[in-house]
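J.: turn this into a model:
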Amino acid sequence: MRVSLNTYAQQNGSPSRSSESVGWNPVLESHQPLRFCKPPPGLLGQRDVKFLARFQMPATRLAALCMGLLDRLFKKERPPAIAELVKAADQGDREAQCKLGFAYADGEGVTQDFEQACRWFALAAEQSHPEAQFSIGVLTESGEGTTQDLAKAAEWFRRASEQGHAQAQFRLGCAYQAGEGVRQNTTEAVKWFQKAAEQGFAEAQVNLAGLLAQGDGCEQNLSEAFRWLKLAAEQGYTPAEFSLGLCYERGDGVAQNHEEAAKWYSVAAQKDLVQAWHALGSCYLEGRGVNKDFLEARRLLRKAAEQGHVGAQLELASIYIEGKGVTVDFVEAAEWLYPAATSGTAVAQAGLGDILQSHRVVKPDLVQSWMWFSLAVSGGYTEAKEALANVTSRLSPAELQEAQRLYHNFTPQAPSEVHKSVGAPMRR
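T.: The predicted model follows:
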């Protein structure tokens with residue numbers, strides 16, 4: 001049988017897929033963490049990195065720092081700036097309370113303590129301090145220093161949003177889109193994403209573009225989706241840069257332009273976005289918007305494939321099956337099909353089954369071939385039925401029983417790395 005790996009790869013991440021496909025969303029395809037509009041919390045994520053970075057220093061300096069902290073703890077002293085903040089905060093100064101909350105969240109001038117951070121943020125928040133309202137919302141959402149409560153977090157985001165806080169507006173939009181802490185309502189999500197987007201908040205611009213592209217919670221408008229993506233991309237936001245490339249590649253909301261598509265893929269690829277490696281590699285493979293370059297195509301596709309990108313794994317396999325710029329090598333092809341097949345991708349399973357039952361420079365393994373063909377058929381790849389019947393006729397009763405055992409014990413795994421276990425025993 002002949003398995004069309006290129007067709008599947010294009011339908012699972014390649015930019016050549018038609019924009020008429022059902023439910024296309026440039027945001028979802030470019031940056032999976034935004035699928036539920038929940039990027040890593042900016043407040044704690046960046047500050048934790050900053051905190052940990054303090055320990056990247058010579059041992060002597062680290063020892064001195066530790067001694068200084070111990071002296072401060074035993075003497076119960078705080079730096080003058082913190083002491084002044086505490087005094088002002090105790091007197092009800094909401095700005096001081098908010099700053100003290102950040103000091104405890106960051107561990108700057110005091111021992112890091114999220115419970116204390118919550119306490120001071122909450123005091124400032126009750127006095128309508130928007131930054132404190134947003135911050136206590138983040139901590140309440142994550143459960144850092146307080147009991148996790150998505151409904152309370154959403155309420156804090158709402159209170160900050162009503163004062164024009166862009167990050168809070170974005171997080172409130174996320175809550176409405178995911179239905180976390182509030183009843184799911186994409187119309188409300190659009191409303192709050194737009195408010196944040198109009199303030200130049202790139203993440204909100206991308207999420208708004210995604211909803212506009214789908215017509216979810218609003219009227220579908222690809223040109224408006226493109227406009228918001230372009231604004232975010234021009235701020236250097238990587239998912240937007242990649243998604244803008246998709247729009248140019250497909251002609252969604254803008255005139256089709258392969259050169260512009262390749263340009264934006266390249267920008268995102270330089271920032272190590274896996275999907276951009278795959279898309280740009282496909283461009284070099286097919287000569288879309290760039291000069292055809294098989295070597296560069298393989299380099300980029302390999303980088304994406306090694307990170308578990310199924311589309312890239314399939315395209316690499318196709319390169320070695322068809323001999324695109326390389327000598328035909330079915331074993332190398334099988335090694336790239338294997339991680340995609342183990343993740344449950346039916347066409348990869350069919351391709352691997354086909355290689356394992358053949359005599360094309362590969363040691364046949366009919367038991368494994370039967371298992372992969374069976375998995376492909378049960379996964380919806382009906383083109384493998386005839387090949388499965390053929391392999392079944394070539395198995396002994398004992399071999400068929402073993403193949404059935406392997407089939408029933410199969411558990412899909414994440415395609416996070418390139419598996420080489422099919423390599424050595426397959427070569428003649």
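J.: any stretches of this protein with poor pLDDT?
T.: Counting by pLDDT under 70, the chain has low-confidence residues at 1-80, 360-362, 414-428.
J.: please redo it, this time with the cut-off set to 90
T.: Across the chain, the stretches falling below the confidence threshold (pLDDT under 90) are 1-82, 108, 331, 335, 358-364, 412-428.
J.: helices of the stretch 251-400 of the chain, start to end?
T.: Along the stretch 251-400 of the chain, the stretches classed as helices by DSSP state H, counting those that start in this stretch are 258-269, 274-286, 294-306, 310-322, 330-342, 346-356, 366-378, 385-393, 397-409.
J.: packing partners of the fifth one?
T.: Counting contacts by 3 or more C-beta pairs under 8 Å, 6 or more residues apart in numbering; DSSP states H and E, helix 330-342 is packed against helix 310-322, helix 346-356. C-beta coordinates here come from the backbone N, C-alpha and C atoms, glycine included.
J.: could you check the angle it makes with helix 346-356?
T.: Angle between the axes of helix 330-342 and helix 346-356 is 140 degrees (criterion: axes from the mean of the first three to the mean of the last three C-alpha atoms, to 10 degrees).
J.: ok and helix 330-342 relative to helix 310-322, angle-wise?
T.: Between the direction of helix 330-342 and that of helix 310-322, the angle (the same axes, to 10 degrees) works out to 150 degrees.
J.: a markdown table for the helices and strands packed on helix 330-342, including distance to residue 193?
T.: Rendered in a markdown table, the data for those read as follows (distance: least, C-beta to C-beta, whole Å):
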| stretch | distance to residue 193 |
| --- | --- |
| helix 310-322 | 28 |
| helix 346-356 | 35 |
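J.: and the ones you listed, which is most packed in?
T.: The highest mean neighbour count among the helices and strands packed on helix 330-342 belongs to helix 346-356 (a mean of 28), with neighbours defined as mean count of other C-beta atoms under 10 Å.
J.: and that helix, how far out from the chain's middle?
T.: Offset of helix 346-356 from its chain centre (C-alpha atoms, centre = their mean, to the nearest Å): 27 Å.
J.: between that helix and helix 366-378, how many degrees?
T.: Counting by the same axes, to 10 degrees, helix 346-356 points 160 degrees away from the direction of helix 366-378.
J.: tabulate the CA atom coordinates of helix 346-356 in CSV.
T.: C-alpha atoms of helix 346-356 as CSV (Å, rounded to 0.1, in the frame of the first residue of the first chain):
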residue,chain,number,x,y,z
ALA,A,346,-3.0,6.6,12.5
VAL,A,347,-1.3,7.5,9.2
ALA,A,348,2.1,7.1,10.9
GLN,A,349,1.0,3.7,12.2
ALA,A,350,0.0,2.6,8.7
GLY,A,351,3.3,3.9,7.3
LEU,A,352,5.3,2.0,9.9
GLY,A,353,3.2,-1.1,9.3
ASP,A,354,3.9,-0.9,5.6
ILE,A,355,7.6,-0.6,6.0
LEU,A,356,7.8,-3.5,8.5
